[in-house]
Each structure stands twice: as C-alpha cells, then as structure tokens.
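# my questions are about this predicted structure, shown below with the sequence.
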Amino acid sequence: MLNSNTSWLVPEIMDVVRLFDCEGEDFVHYFFFDGGKYINCIQHMGEITDFSYSADTHDDIEFKRYAKRSAKLAFYELLQKFTGKTFPYGALTGIRPTKLAYMEMAEGRVFKELFNIMHVSAENTDFVGRVIQVQQPYYANKGGQELFISLPFCPTKCRYCSFITAPISATKQYVETYISCVERELASLKPILKRVNSIYIGGGTPFVIEPDQLERIYAAIKALNLPVCEYTVEAGRPDVFTEEKLKLSKDYGVNRICVNPQSFSDITLQKIGRRHTAEQTLEAYYMAAKYGFDINIDLIAGLEGESPLDFEHSLKCAIDLHPANITVHTLSLKAGAKLKEETRRLHIEGIGEMISLSRSMLTAAGYQPYYMYRQKYQAGGHENCGWALPGKACAYNIGVMEEISHNIAVGANAISKRIYEGENRIERLASPKDIPTYISKCGKIIADRLALFGE
Ligand SMILES: C[S@@+](CC[C@H](N)C(=O)[O-])C[C@H]1O[C@@H](n2cnc3c(N)ncnc32)[C@H](O)[C@@H]1O
Ligand code: SF4
C-alpha cells in the first residue's frame, strides 16, 4: 500500500511499483519542492530514503512534469536496489518514448541525456533514435487528417485480446444497422474533410462481414471523393480471406492489406483461440499478394508457451514472405481479455531475447523501425514496433501514433482527435464501445464530431 502526501503523484508512482510487481509492499511517500529541488522521501521496510532531482522550472506545467519524473525515478531507484531488477525502458512509464524524445529536442536538449537519467538502456535509447530518424520525412510533412473506420466484428475472440469484439455469431443481428450508422457517419464528414492523408478500415476483423456489407462501406468512402491516398484494410485473420473480398477491395482502391499470423505455430494458434493454421496464413498472404497490395503482418512476442526458438521461426516465416510491413507486438495483459482472468502478471522467459532477435533479424532483412509504442502490463516492459521496407511505412500508423495529424474516426469505440499544434493540446471524442449504444447514439456522435472539427 502506498501512502503519499501528494495524491496526484500516486498514479505515476504506482506505474513504477507495478512494473516491479511490488504492489504488496508498504510505502510512505513525502514529496516537497525546495530551492529548485524536487525532493521525494520514501519510507519502506523501516528505512527512509531521500531522493532529490534538480531542474529549471518556468511554469506550472513544467513543475508537474518534473515532480512526476522525480517521483518515478525515486521509486525506480529504490525498487531496483530492493529487487535487483532492471527494465529496458527504466523509469519511463505512461509516455511514448518517441514523444518524450521529441519534447526534449523541441526544447533544445539532447534526448539521450534524459533517457540516461531515466535508466533507459543504451540499446533502447539508440533504438528510439533510429525510429525518430526514419520518421523524419513524415514529420516534415505533418498535418492533415487520417480517416479511421472501426468494424468491431471477429470470427472468434483471441485469448489475449481486450478489444470490444465478440464472435460475429453473437453480434450478427447488429451488422446491417451498424453499417447503416457508419454510412451516415461517413456521409456527414463531407464538410470537414480537408486534407486526408490516409484511410484505415480497422478491426476487429473487417473481412469477417459479408462481401455486400463490405461493399457498402467501400461505396460510402468512395462517395466522399477523396484524392488517391494510402488506403488500408485490416482484413485481419487469414481464415476470412476470399478472392471475392480481395477483388472488391482492389476495385475500390484499397492499396494495403493486413494479413495477421501472430504466430506461425499451429500449436500456439490453437492455444490462443485463433482457429486458423499457419498454412492458412500463407494461403491468405499469396492470395492478397496477387492483387499487388502492400501487405502488413502482425506478430506477437511472448505468446503462451512460446520460446525464443518458436518466435524466431515466426519471424523467419514472416521475413521470407517479404511483406511491406512487419509489426512486432510484445504480449500485453489487458483488462477484458480471457488471459487476464487467469493470469495476474506476465512473466515470460526469454522475452528480452525475442525482442533482440526481432531487431537483429528485421534489420538484417532490410526493414526499418518506423513507429513504436508501449502499453501497461507488457511482458518484460518492452514495446510494440512497426518495421517497414524503405519507403513502405504505413503513414496512418505514424500520423495517429505520433499525433501529428488529426484523426477522424467513425464506428463504435472510435476515438477522433483534433490536434491543436501551436497550443500543445489535443481534443478527443470517443464513441461508445458497445454496439447497441453506438447505434442509438449515432446522431449525437455526428453532431459532436461536426462541432469538434468545425472552424
Ligand atoms: C486490433 S488487433 C486487430 C487485428 C486483427 N483482428 C487480427 O487479429 O488479425 C491489432 C493487433 O494488435 C495485436 N494485439 C492485440 N491484443 C494484444 C495483446 N494483448 N498483446 C499484444 N498484442 C496484441 C495483435 O498483433 C493484433 O494483430
Ligand atoms: S486479435 Fe484480432 S481477431 Fe483476435 S479478437 Fe482481437 S481483434 Fe479479433
């Protein structure tokens, strides 16, 4: 239990305490600011440790930022000594590493110095530098809008997934009405769409719906008369691919398709509830490749029962296909996932080795890391990272993840974001997660979005 004199620091501190799996420990924490110094005193196991952090502070925003940083560092250093553990991103929690690096650079500082203070490993600090380097052309062209359409339907629910999706057998009765709502939402966007960089139909598993239903979505997008741009369908699971859906996608101008294996081991695929085989992934891949789409492959490191050798096999199979993009996720324990009901904490042997393998093998195969993010409860404190062949990065992923363009998102669980660049501010509009609620609120969502993006 944590007892602190500063309640707004508690969530930040608990992120670090959780990282070390030390929620069961008792801490008394006292924070104060004195003579430009951020002081954190922690009483733990009968001992008191003082930690002091110095930084020039100009306003309230900076004060809070440095206070949070000092508290995290204080707990990280204490618990590192107490447990003997270290983590690849050190005391960096709750902020994307690239975002922090960009903030430091914008203020004229060398981000590597701060990462060193925060105990980020030298290897990861260099890795973040690599991602930033690859993102340069996208930053140079920042702005505009990304259009997202959410289709929250799946063939079955994967054990690790917390997404608000149920097997389509349970939600079939909503699909037609759901698509009518998406059509209404899309038609309403005409006055606010100005510079669309990309279109992304995401899931769920968009290809799980019927071809005529998919065509309704494509036709509603076509009616917006957008200029040719990156157009992705997260078609998703190999078990729902058909020539008919691929041809339809091609006819409507889709140019990127996700074929997601997660693993190339049939044993693992059964364990995680995917109900498809590695062979089906290859079939879906070759079927999609014939149409000339850029293909995105998703893998997860740390899936149940997998060793570094199993993961290496999946990486090798993915690389042999030579897709435009391979995203390597680190397994993360999410509320709402079946896995979370049975597991309190992920302790995956060899997870560090898996991430190192992904970096060395993908680099050797000519892939560049172009976007990355981290989540709470991610195995070993690692990251998710998208890798692409030169010139093949998915602009949608960079725009949305780095928040350098507006996101106009329709459908259930969609989150629109308007970026106020000069003001360092973002306004969000989240649609209901639950499908019947989304359907009943469609009119209000449309009005709210027009208000958010209106002049
Ligand atoms: C929103 S899902 C949609 C993908 C598609 N439905 C599929 O499964 O093929 C996007 C990606 O997130 C990753 N993902 C989902 N849950 C995860 C978890 N708990 N840990 C790590 N990665 C996860 C998977 O790699 C998945 O392909
Ligand atoms: S991982 Fe994909 S297919 Fe599996 S439940 Fe989540 S969204 Fe659906």
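That came through fine. Being a predicted model, the structure only gives us computed values, none of them experimental. Numbers count the residues shown, from 1 in each chain. Ligands and ions are numbered 1, 2, ... in the order given.
# output the lowest mean pLDDT helix or strand found in the chain.
strand 166-167 (a mean of 78; mean pLDDT, DSSP states H and E).
# so in that sheet, which strands flank that strand, and in what orientation?
Taking DSSP bridges as the criterion, strand 166-167 forms sheet pairs with strand 153-154 (parallel).
# name the residues that touch the partner strand?
Contact with strand 153-154 is made by 163, 165-168, 171, 175, 203-206, 208-209, 236-237, as judged by C-beta atoms under 8 Å, 6 or more residues apart in numbering. C-beta coordinates here come from the backbone N, C-alpha and C atoms, glycine included.
# buried subset of those?
163, 165, 168, 171, 175, 203-206, 208-209, 236-237 (16 or more other C-beta atoms under 10 Å).
# take those residues and lay them out in JSON lines including secondary structure, distance to P323 and pLDDT.
Converted to JSON lines, these look like this (DSSP: H, G, I helix; E, B strand; the rest coil; distance: C-beta to C-beta, whole Å; pLDDT from 0 to 100):
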{"residue": "F163", "secondary structure": "coil", "distance to P323": "22", "pLDDT": "83"}
{"residue": "T165", "secondary structure": "coil", "distance to P323": "24", "pLDDT": "75"}
{"residue": "I168", "secondary structure": "helix", "distance to P323": "26", "pLDDT": "88"}
{"residue": "T171", "secondary structure": "helix", "distance to P323": "30", "pLDDT": "90"}
{"residue": "V175", "secondary structure": "helix", "distance to P323": "29", "pLDDT": "96"}
{"residue": "G203", "secondary structure": "strand", "distance to P323": "18", "pLDDT": "81"}
{"residue": "G204", "secondary structure": "coil", "distance to P323": "21", "pLDDT": "89"}
{"residue": "T205", "secondary structure": "coil", "distance to P323": "18", "pLDDT": "94"}
{"residue": "P206", "secondary structure": "helix", "distance to P323": "18", "pLDDT": "96"}
{"residue": "V208", "secondary structure": "helix", "distance to P323": "21", "pLDDT": "95"}
{"residue": "I209", "secondary structure": "coil", "distance to P323": "24", "pLDDT": "95"}
{"residue": "G236", "secondary structure": "strand", "distance to P323": "14", "pLDDT": "84"}
{"residue": "R237", "secondary structure": "coil", "distance to P323": "16", "pLDDT": "93"}
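# how about A301, what does it touch?
For A301, the contacting residues are F311, V328, H329, T330, L331, I351, M354, I355, S358, A379, H382, by C-beta under 8 Å, 6+ apart.
# helices - which of those land there?
The helices, defined by DSSP state H, take in F311, I351, M354, I355, S358 from the contacts of A301.
# pull the most distant pair out of the residues you listed.
Greatest spatial distance in the ones in helices among the contacts of A301: I351 and S358, 10.8 Å, computed using C-beta to C-beta.
# and these two? Which one has more around it.
Taking other C-beta atoms under 10 Å, I351 and S358 do not tie; S358 has more neighbours (26 against 23).
# all strands for the stretch 151-300 of the chain, in order.
For the stretch 151-300 of the chain, the strands defined by DSSP state E, counting those that start in this stretch cover 153-154, 166-167, 196-203, 230-236, 256-259, 294-301.
# out of these, deepest packed?
Ranked by mean neighbour count under mean count of other C-beta atoms under 10 Å, the strands of the stretch 151-300 of the chain are led by strand 256-259, which reaches a mean of 28.
# outside of that strand, which residues touch it?
Applying C-beta under 8 Å, 6+ apart, the external contacts of strand 256-259 come out as 230-236, 238, 241, 246, 249, 281, 284-285, 288, 293-298, 323-324, 394.
# gap between that strand and the chain center?
Distance of strand 256-259 from its chain centroid, counting by C-alpha atoms, centre = their mean, to the nearest Å, is 17 Å.
# do stretch 16-31 as well
That offset, for stretch 16-31, works out to 26 Å (C-alpha atoms, centre = their mean).
# same check, this time on stretch 83-93
Distance, centroid of stretch 83-93 to centroid of chain: 20 Å (C-alpha atoms, centre = their mean).
# ends of it, how far apart?
18 Å (C-alpha to C-alpha, to the nearest Å).
# doesn't T86 lie inside a strand?
No. Secondary structure of T86 (DSSP: H, G, I helix; E, B strand; the rest coil): coil, not part of a strand.
# please look at it and Q80 and confirm they touch.
Yes. In terms of C-beta atoms under 8 Å, T86 counts as a neighbour of Q80; the distance is 6.0 Å.
# where is pLDDT lowest across the ones in helices among the contacts of A301?
On pLDDT alone, I351 ranks lowest of those, at 94.
# against G381, how distant is that one?
9 Å (C-beta to C-beta, to the nearest Å).
# residues in the protein within reach of ligand 1, list them.
Within the chain, the residues that sit near ligand 1 (C-beta under 6 Å from any ligand atom) are 154, 160-161, 163, 203-205, 234, 236-237, 260, 262, 298, 300, 329, 331-332, 334, 337.
# give the buried residues for stretch 51-71.
Residues of stretch 51-71 classed as buried: F51, Y53, T57, Y66, A67, K68, R69, S70, A71 (neighbour count, 16+ other C-beta under 10 Å).
# how far away is the closest residue to G411 other than its chain neighbours from C442?
The spatially closest residue to G411, leaving aside those adjacent along the chain, is S150, at 3.2 Å (C-beta to C-beta, 6 or more residues apart in numbering). Distance, S150 to C442, by C-beta to C-beta: 13 Å.
# name the residue in the two with the higher neighbour count.
Between S150 and C442, counted using other C-beta under 10 Å, S150 has the larger neighbour count: 27 against 22.
# close to ligand 2: what parts of the stretch 151-300 of the chain are there?
For the stretch 151-300 of the chain, the contact set with ligand 2 under C-beta under 6 Å from any ligand atom comprises C154, K157, C158, C161, F163, T165, G203, G204, T205, G236, R237.
# ok, which stretches of the stretch 151-300 of the chain are helices?
Here the stretch 151-300 of the chain has its helices, by DSSP state H, counting those that start in this stretch, at 168-171, 175-188, 211-222, 243-251, 266-271, 278-289.
# now these in a markdown table, with distance to D434?
Output for the helices of the stretch 151-300 of the chain, formatted as a markdown table (distance: least, C-beta to C-beta, whole Å):
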| stretch | distance to D434 |
| --- | --- |
| helix 168-171 | 11 |
| helix 175-188 | 12 |
| helix 211-222 | 20 |
| helix 243-251 | 27 |
| helix 266-271 | 28 |
| helix 278-289 | 30 |
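# mean pLDDT for those helices: which is lowest?
What stands lowest among these, in mean pLDDT terms, is helix 168-171, with a mean of 88.
# which residues of the stretch 301-450 of the chain fall in strands?
Ranges of strands in the stretch 301-450 of the chain, per DSSP E, counting those that start in this stretch, are 325-330, 368-373, 384-388, 406-410, 415-420, 425-430.
# select, out of those strands, the one closest to ligand 2.
Between ligand 2 and the strands of the stretch 301-450 of the chain, the shortest gap by C-beta to the nearest ligand atom is with strand 325-330, which sits at 9.9 Å.
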